[in-house]
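> coords below, sequence missing:
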DNA sequence: CCACCAAGTAATCATGCGTTGACATGGTCC
DNA sequence: GGACCATGTCAACGCATGATTACTTGGTGG
């Protein structure tokens, strides 16, 4: 398998015996490979090589491949909002969405971070983590949109989550054009229309 | 690995020496496992066991695992439209979408067929197939929606494709609720709003 | 300077998997 | 019935990979 040079390794200077740096290097390399290649196609040997570190150290610091994967997953941003929550109002929501979806600078992941979130290690615990992360995002959308208490408001919010997931997949993993090449500005108009259509007439 | 009994094997009667039936059985088993588990976690031994067939026969009939995968992929429906194209008009489009996305009876795939389409074997040729299939779907959407010749009409159509992909992923692979439990009727209203928001005021 | 322990290394093990080739068997046509 | 080919079976190989163990190295505190 052994795909080479997925990440431009930080070309570290002569760092010697720095445990936390080693940990960090492994994590960065792991995120990139897991995000791009998925769980199975990511080999510990490649990750260790990318990190410039001995293979056995992933056992020392993360216990196992699964442990490394979960640690990498735990560093995934909350997709949108990044903890700070989504901006209020639908126009702002649409804009935040378009920015996040079109951003190209995911150096820590190599691709859109939501792909890391979708990667499957086969562990049910991981599936649950993913579900929770996306549900949380749905909640933020619901809240940010100043939702009318419609009975299907939650469903509509999750459709927006699904849209975000789909766009990330189609852009990063499929490369469908023109979607894959669209800039935040290109995306903004259509996304605004979707948000307004989905969530009802503008309210903020 | 060896997950067992992913598919309720057809409990075939004493079929003996029927090449085409063997081929078909392998294909059905392969579709289910590939769709549910992905390429890497699907083992030929499990597929053969599901099909009630000897392992070496996949070499005979499909040459290799990659060959089996491509054959399985080739049987994936065109996602929507199923060759016949999408119904004309936006209301009909929204309805077709909601039906396809909410359908539960994908016995040949075990999950929504779009997941099969997203499965990655690492082969670039497969990526291209996928791109083509989704692009084709985008074209159908564009055409079915009686698009105004807006400069970003294509982009908007592909956003609808992305939505479909995202919903399939979030429903089948993530299990986000309430989205995962939504019926076609539940989906219809919100989808209609999205379609109309995205594609402009109703025109058919 | 020395002892000690964390950090790092190298070699090896165990296993699961795709692939392969040699062999058995059934059905069909002369 | 016998030859012949398609169909199906069996056992094994080779390889990649995750895991593990025994060992070395370096720096830090006494």
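It's in. Keep in mind the model is a prediction, meaning the values are calculated, not measured.
> tally of neighbours for residue A:126?
For residue A:126, the neighbour count with other C-beta atoms under 10 Å in any protein chain shown is 18. Glycine gets a C-beta too; all of them are placed from N, C-alpha and C.
> Torsion angles phi and psi at the closest residue in space to residue A:38 that isn't next to it in sequence?
Leaving aside its sequence neighbours, residue A:38 sits nearest to residue A:119 (C-beta to C-beta, 6 or more residues apart in numbering or on different chains; 5.3 Å). Dihedral pair for residue A:119: phi -70, psi 140, per degrees, to the nearest 10.
> my read: residue A:119 touches residue A:40, true?
No. Contact criterion C-beta atoms under 8 Å: residue A:119 and residue A:40 do not qualify, at 9.4 Å.
> quick one on the thing from earlier: mind listing what the residue nearest to residue A:38 touches?
Residue A:119 makes contact with A:34-35, A:38-39, A:69, A:73, according to C-beta atoms under 8 Å, 6 or more residues apart in numbering or on different chains.
> List the buried residues of stretch A:174-182.
Under the neighbour-count criterion of 16 or more other C-beta atoms under 10 Å in any protein chain shown, stretch A:174-182 has A:174, A:176-177, A:179-180, A:182 buried.
> Other residues contacting the helix or strand containing residue A:128?
Using DSSP states H and E, residue A:128 falls within helix A:124-144. Residues outside helix A:124-144 that contact it (C-beta under 8 Å, 6+ apart) are A:69-70, A:73, A:76, A:78-81, A:85-89, A:92-93, A:117-118, A:120, A:153-154, A:157-158, A:160-161, A:164-165, B:170, B:174-176.
> Report the separation between the residue nearest to the spatial centre of chain A and residue A:168.
The residue lying closest to the centre of chain A (C-alpha atoms, centre = their mean) is residue A:113, at 1.9 Å. Per C-beta to C-beta, to the nearest Å, residue A:113 is found 8 Å from residue A:168.
> picking that back up, my read: the residue nearest to the centre of chain A touches residue A:76, true?
Yes. Look at residue A:113 against residue A:76 with C-beta under 8 Å: they come within range, at 5.3 Å.
> per-domain residue ranges of chain A.
Listed by automatic domain parsing, the domain ranges of chain A are A:19-74, A:90-199.
> residues contacting the closest residue to chain B within chain A?
Nearest residue of chain A to chain B, counting by C-beta to the nearest C-beta: residue A:197, 1.9 Å away. Residue A:197 sits next to B:193-198 when contact means C-beta under 8 Å, 6+ apart.
> mind giving me TSV with those residues and columns for distance to DNA strand C?
Putting the contacts of residue A:197 into TSV (distance: C-beta to the nearest atom of the strand, whole Å) gives the following:
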residue	distance to DNA strand C
B:193	44
B:194	39
B:195	41
B:196	46
B:197	44
B:198	41
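> Out of these, which sit inside helices?
B:193-198 (DSSP state H).
> buried subset of those residues?
B:193-198.
> Mind picking the one among these that's closest to DNA strand D?
Nearest to DNA strand D among those is residue B:194, at 40.1 Å by C-beta to the nearest atom of the strand.
> got a list of what that closest one touches?
Residue B:194 makes contact with A:159, A:194, A:197-198, B:94, B:160, B:163 under the criterion C-beta under 8 Å, 6+ apart.
> Pipe the contacts of residue A:119 into TSV and attach distance to DNA strand D per row.
As requested, the contacts of residue A:119 are exported to TSV (distance: C-beta to the nearest atom of the strand, whole Å):
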residue	distance to DNA strand D
A:34	11
A:35	15
A:38	11
A:39	8
A:69	10
A:73	16
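> Tell me which two in the residues you listed are the farthest apart.
A:38 and A:73 (12.5 Å; C-beta to C-beta).
> quick one: low-confidence parts of chain A?
When residues are selected by pLDDT under 70, those of chain A lie in A:1-16, A:78-85, A:147-148, A:201-204.
> As a check, name the ranges of all helices in it.
A:19-37, A:44-51, A:56-62, A:65-74, A:90-102, A:113-118, A:124-144, A:153-168, A:184-199.
> Does DNA strand D have contacts with the second one?
Yes. With C-beta under 7 Å from any atom of the strand as the threshold, helix A:44-51 lies in contact with DNA strand D, specifically through A:44-45.
> what packs against that helix?
Applying 3 or more C-beta pairs under 8 Å, 6 or more residues apart in numbering or on different chains; DSSP states H and E, we find helix A:44-51 packed against helix A:19-37, helix A:56-62, helix A:65-74.
> Show me which residues of chain A sit near DNA strand C.
Residues of chain A that fall close to DNA strand C, judged by C-beta under 7 Å from any atom of the strand: A:16-19, A:21-22, A:53-57, A:60.
> correct me, but residue A:152 touches residue B:191?
No. Using C-beta under 8 Å, residue A:152 is not in contact with residue B:191; the gap is 11.3 Å.
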